[in-house]
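1. coords please:
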Amino acid sequence: MAFSKNIYQQGILFNHLPELLLFKSKMFASDTDFLLKTAQFKMPNNNITRDHQFFRNAAKGELSLDGLFQYFDMKAVPNNLKQDNEVDLQSVGGWHFLISLLAGFQSTLDNELDADLNIYLNFVKSICELDKQMIESLLKTKNVDVANNCVSEWLVLKEFDFLSLSKEQKAEYSISLVLFWAGLYEKYLKIEYSNSSDPYQPKMTKYLPKLKSGNLQFSTECMLCTVKNKWEENRPSNKKNNWSEFYSDIARAQLTNTYFNEIPLLPGDPRLIQPDITKIKKQFQRWRAGKNFSIDHAKKYLFVLYGEYDPNKIDSSVFMFVFIDIFTFIQKELLSQGVSPQVIVDKFNKYSVLLNLLESKFDEFTDQKRVK
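-> Coordinates of the predicted model:
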C-alpha cells in the first residue's frame, strides 16, 4: 500500500492529487513520513520513530489496511475502505485517496450536530464517485468526450480536448485542478466556521500570483506580503514598516515565547531592542524565492506574531499553506516549461469563477438531498 504508486495518481478531477497534496507541497517527504507524522499527531509520544516495525513495513510496501487500522486503533473499517484486492485497481485514482480520508473524518462526526459538514463531505464524495466513473468510462470506451465534458462543466474549460492540447491548455488544466481543490477546501472552512463569531471568508484570492516588473511573483511571496500588510495595519504611524522591522517584531515574538525559550525574555529586556534577525531574514528570502512553507515553519515565523506558538496545535485553517505551496509548485513548473508569466497569472485569476461554480453545485446537491 503506497500513495505514491502511479495507480493512485490517475483521474480527471483529482489527477495527481495525492502526489501534489502530500509530497510536492513538501508536507511529507514520503508515504512513510506521512504515516509517521500522522501517528505522532494522533498519539503524541516522543518514542514514536520510523525505526518501529510498523514504519519499516510501510517503507518496504508490506503494510496492509488491516495493519494500518490496527496500529491506529480504529475499531471499524469504513465500507469504502476495502483491501486493495477487493477494489477494481484499474479504476483507482486520486479519488480513492480522498474518499478514504473523508470516510475516516466523517466517522468522527455527529449526524445531528455536524449536519452541514456531513452534507459537505457527501458532496465531495459524490465528486469522487464522478471521477471514478470517468476513469471507468475511459477504460471501457477509450472515448474522451465524456472526460472533456466533465472538465468543461467542473473546471470551466471550454472547447477542451484531451487528445489535442496546446501548451497553454495543459497549463490551464493544471492550474484549474489545483484551484478546484483549493475551492473545495475553502468551502469546507466556510462551513466549519459558519457559527463562529468570526465567520470564514475566502482568502485564497490574496495569494494568487501577480506580475511584478514583468516577472512572476509566486504565491509564497504574495502570502508573505499579505501577512506583512496586516502587520503594518496595527503599527503606529510614526513607526517604520520595512522588512527589517517586520523581522524584528517576529524575533521579539519568538524571544518572549515559552516554546522558543525555557525562560522567555520579559518586556524591557535590552535583547529585545535590536534582536538578531539573521535567521529570520534568510528564511524569508528562501520563501520569497519560491521555497515551500512547512506548517511548523509557518507557525514559528508567522503565526507567532498573533499568539502563542504551539507546535502540537493544528487548526484546519493552517493547511492553507499546503495549497499555497501547491500553487507555487505549479507556477515554477509551468515557468520551466516555457509558459509565460502573463498566461500563468491570467489562468490563476479564474479562481473566483470556480468558487462561484462550487457554491452553485453545492446548493444544487443540497436541494436534491432535501427533496429526497
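2. in a strand, residue 211, correct?
-> Yes. Residue 211 forms part of a strand when assessed by DSSP: H, G, I helix; E, B strand; the rest coil.
3. any chance of the backbone angles for residue 127?
-> Per-residue torsions, residue 127: phi -70, psi -40 (degrees, to the nearest 10).
4. please report how far it lies from residue 17.
-> 11 Å (C-beta to C-beta, to the nearest Å). C-beta here means a position set from N, CA and C on the backbone, and glycine is covered the same way.
5. and residue 216, what are its phi and psi?
-> Backbone torsions of residue 216, given as degrees, to the nearest 10, read phi -80, psi 130.
6. for this structure, just list every one of the strands.
-> Under the criterion DSSP state E, the chain carries strands at the ranges 210-212, 215-217.
7. out of these, which is closest to residue 352?
-> Across those, residue 352 has its closest neighbour in strand 210-212 (15.1 Å, C-beta to C-beta).
8. which elements pack onto that closest one?
-> strand 215-217, helix 341-348 (3 or more C-beta pairs under 8 Å, 6 or more residues apart in numbering; DSSP states H and E).
9. relative to residue 368, which of those is closest?
-> helix 341-348 (31.3 Å).
10. so for the closest one, mean pLDDT?
-> Mean pLDDT, helix 341-348: 96.
11. the chain should start at 545 in everything you say after this.
-> With the count now opening at 545, the last piece we talked about shows up as helix 885-892.
12. gap between it and the chain center?
-> 21 Å (C-alpha atoms, centre = their mean, to the nearest Å).
13. ok, residue 885 - contacts?
-> 753, 755, 758, 759, 760, 879 (C-beta atoms under 8 Å, 6 or more residues apart in numbering).
14. among those residues, which one lies nearest to residue 770?
-> Proximity of the contacts of residue 885 to residue 770 (C-beta to C-beta) peaks at residue 753, which lies at 12.9 Å.
15. OK, contacts around residue 863?
-> Contacts of residue 863 (C-beta under 8 Å, 6+ apart): 729, 839.
16. against residue 554, how distant is it?
-> 24 Å.
17. now residue 756
-> 36 Å.
18. residue 645 now?
-> Relative to residue 554, and taking C-beta to C-beta, residue 645 is found at 17 Å.
19. please say which of these two ends up with more neighbours.
-> residue 554 (20 against 13; other C-beta atoms under 10 Å).
20. just to check, the more buried one is in contact with residue 637?
-> Yes. Look at residue 554 against residue 637 with C-beta atoms under 8 Å: they come within range, at 4.2 Å.
21. give the residues shared as contacts by those two.
-> Common contact partners of residue 554 and residue 637 (C-beta under 8 Å, 6+ apart): residue 679.
22. so what pLDDT did residue 785 get?
-> For residue 785, pLDDT reads 88.
23. quick check: closest non-adjacent residue to it.
-> Sequence neighbours aside, residue 776 is the residue nearest to residue 785 in space, at 4.7 Å (criterion: C-beta to C-beta, 6 or more residues apart in numbering).
24. the one you found: how many residues sit nearby?
-> 13.
25. neighbours of residue 738, how many?
-> Residue 738 has 11 nearby residues by other C-beta under 10 Å.
26. how about it, what does it touch?
-> So residue 738 contacts 660, 744 (C-beta under 8 Å, 6+ apart).
27. same thing with the one 5 residues further on?
-> Neighbour list for residue 743: 734, 737 [criterion: C-beta under 8 Å, 6+ apart].
28. tell me which residues of stretch 830-847 are tucked away?
-> 831-832, 834-837, 839, 842-847 (16 or more other C-beta atoms under 10 Å).
29. same deal with stretch 659-671?
-> For stretch 659-671, burial by neighbour count (16+ other C-beta under 10 Å) applies to 661, 662, 664, 665, 667, 668, 669, 671.
30. chain center to it: distance?
-> Between the centre of stretch 659-671 and the centre of its chain there are 18 Å (C-alpha atoms, centre = their mean).
31. before I go, just wanted to say thanks for your time.
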